[in-house]
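Chemist: Give the three-dimensional model of this entry:
(one chain, ligands or ions: 1)
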Amino acid sequence: MPVIFKCSCGEYISVPNKYIGKKLQCPQCQNIINVPVPGEEEKKTE
Ligand SMILES: [Zn+2]
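Modeler: Numbers count the residues shown, from 1 in each chain. Sure thing, here's the model as predicted:
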């Protein structure tokens, strides 16, 4: 299942979930970015 996240340059990047927590180079801005863990920032406070 692919992970989709947004780079700081505004580009949406889709990668296989094996890249979660790893570093990739953005194809748009060439920056090295960390692939975020899905849902980490959307935790419900219950
Ligand atoms: Zn970028």
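
Chemist: Isn't P38 up against I20?
Modeler: Yes. Using Cβ atoms under 8 Å, P38 and I20 qualify as a contacting pair, with a distance of 7.2 Å. The way it works is simple: take the backbone N, C-alpha and C, and place the C-beta from them, glycine included.

Chemist: where do the contact lists of those two overlap?
Modeler: Shared contacts of P38 and I20, defined by Cβ atoms under 8 Å, 6 or more residues apart in numbering, comprise V3.

Chemist: List the contacts of V37.
Modeler: With contacts defined as Cβ under 8 Å, 6+ apart, V37 is in contact with 20-21.

Chemist: What score does the closest residue to V3 other than its chain neighbours have for pLDDT?
Modeler: Excluding the flanking residues, the one nearest V3 by Cβ to Cβ, 6 or more residues apart in numbering is N17, at 5.1 Å. The model reports N17 with a pLDDT of 91.

Chemist: now P27
Modeler: pLDDT, the model's per-residue confidence, is 94 for P27.

Chemist: Surely it is in contact with I13?
Modeler: Yes. Counting by Cβ under 8 Å, P27 does reach I13; the two are 7.3 Å apart.

Chemist: With neighbour numbers in mind, choose between those two.
Modeler: Comparing P27 with I13 by neighbour count (other Cβ atoms under 10 Å), the higher total belongs to I13, at 19 against 9.

Chemist: Surely K18 is in a strand?
Modeler: No. Applying DSSP: H, G, I helix; E, B strand; the rest coil, one finds K18 to be helix, outside a strand.

Chemist: okay, now it: neighbour count?
Modeler: Under the criterion other Cβ under 10 Å, the count of neighbours that K18 has is 9.

Chemist: Report the contact partners of it.
Modeler: K18 is in contact with no residue at all, counting by Cβ under 8 Å, 6+ apart.
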